[in-house]
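> sequence-free structure coming up:
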């Protein structure tokens with residue numbers, strides 16, 4: 001069974017977001033082993049300089065690297081957008097390519113350090129639109145669940 005490893009900077013603050021994530025994690029248990037690593041976001045000033053942002057991203061990168069394994073997919077705006085079927089194929093191809101774990105990395109609201117992005121086997125962008133940072137986790141979990149449903153030929157995707 002494949003392992004889906006999600007590394008996320010920051011904790012979900014809203015109950016409804018935590019509930020949505022819990023529901024998708026429960027659904028995913030049928031298809032994969034799921035690991036969640038919620039890492040602390042580095043605190044920075046309200047009007048941070050570029051140097052302060054980069055320093056925070058580097059500190060977060062140190063923590064991320066402790067949990068990153070397998071096929072690594074950083075979530076970043078410069079990543080490639082996939083439709084749900086192509087996303088399903090990407091996850092399904094992990095095993096064929098020798099990976100037993102797929103790690104998704106969601107950075108802070110300032111993104112991810114370049115070194116984390118360069119570790120990626122594939123960079124993924126959710127959309128050209130801007131979404132609340134905390135919503136990204138729910139959206140990603142839903143798409144991972146949908147990907148397994150597509151691969152199984154389930155009705156959820158229809």
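All right, it came through fine. All of these numbers come straight from a predicted model, not from anything done at the bench. Residues are numbered from 1 along each chain as shown.
> quick one, strands of this structure?
Counting by DSSP state E, residue ranges of the strands within the chain are 3-9, 33-39, 71-80, 101-106, 124.
> residues making contact with the longest one?
Contacts made with strand 71-80 from outside it, assessed by CB atoms under 8 Å, 6 or more residues apart in numbering, are listed as 90, 94, 97, 99, 101-107, 111-112, 116-117, 119-126, 136, 140. The way it works is simple: take the backbone N, C-alpha and C, and place the C-beta from them, glycine included.
> Recalculate using a threshold of 6 Å.
For strand 71-80, the external contacting residues (CB atoms under 6 Å, 6 or more residues apart in numbering) are 94, 99, 102-106, 112, 116-117, 119-125.
> what's the average pLDDT for it?
What strand 71-80 shows for mean pLDDT is 96.
> Can you show me the helices along the chain?
15-28, 50-67, 84-96, 114-119, 135-152 (DSSP state H).
> Just tell me which of those helices ends up closest to residue 39.
helix 50-67 (4.6 Å; CB to CB).
> Show me what that closest one is packed against.
Applying 3 or more CB pairs under 6 Å, 6 or more residues apart in numbering; DSSP states H and E, we find helix 50-67 packed against strand 3-9, helix 114-119.
> hmm, 10 Å instead?
Using 3 or more CB pairs under 10 Å, 6 or more residues apart in numbering; DSSP states H and E, the elements in contact with helix 50-67 are strand 3-9, strand 33-39, strand 101-106, helix 114-119.
> Please point out which parts of that helix sit buried.
For helix 50-67, a neighbour-count test (16 or more other CB atoms under 10 Å) marks 53, 56-57, 60-61, 64 as buried.
> could you check the distance from the residue nearest to residue 82 when sequence neighbours are not counted over to residue 104?
Spatial nearest neighbour of residue 82, chain neighbours left out: residue 90 (6.5 Å); criterion: CB to CB, 6 or more residues apart in numbering. Distance of residue 90 to residue 104, given as CB to CB, to the nearest Å: 11 Å.
> got any residues that touch both of those two?
Contact criterion CB atoms under 10 Å, 6 or more residues apart in numbering; residues shared by residue 90 and residue 104: 71, 73, 124.
> Give the single residue among these positioned nearest to residue 28.
residue 73 (15.7 Å).
> What residues does the residue sitting nearest the centre point of the chain make contact with?
Taking CA atoms, centre = their mean, the centroid of the chain lies closest to residue 104, which sits 3.5 Å from it. Residue 104 makes contact with 4-8, 68, 71-75, 91, 120, 124, 136-137, 140-141, 143-144, according to CB under 10 Å, 6+ apart.
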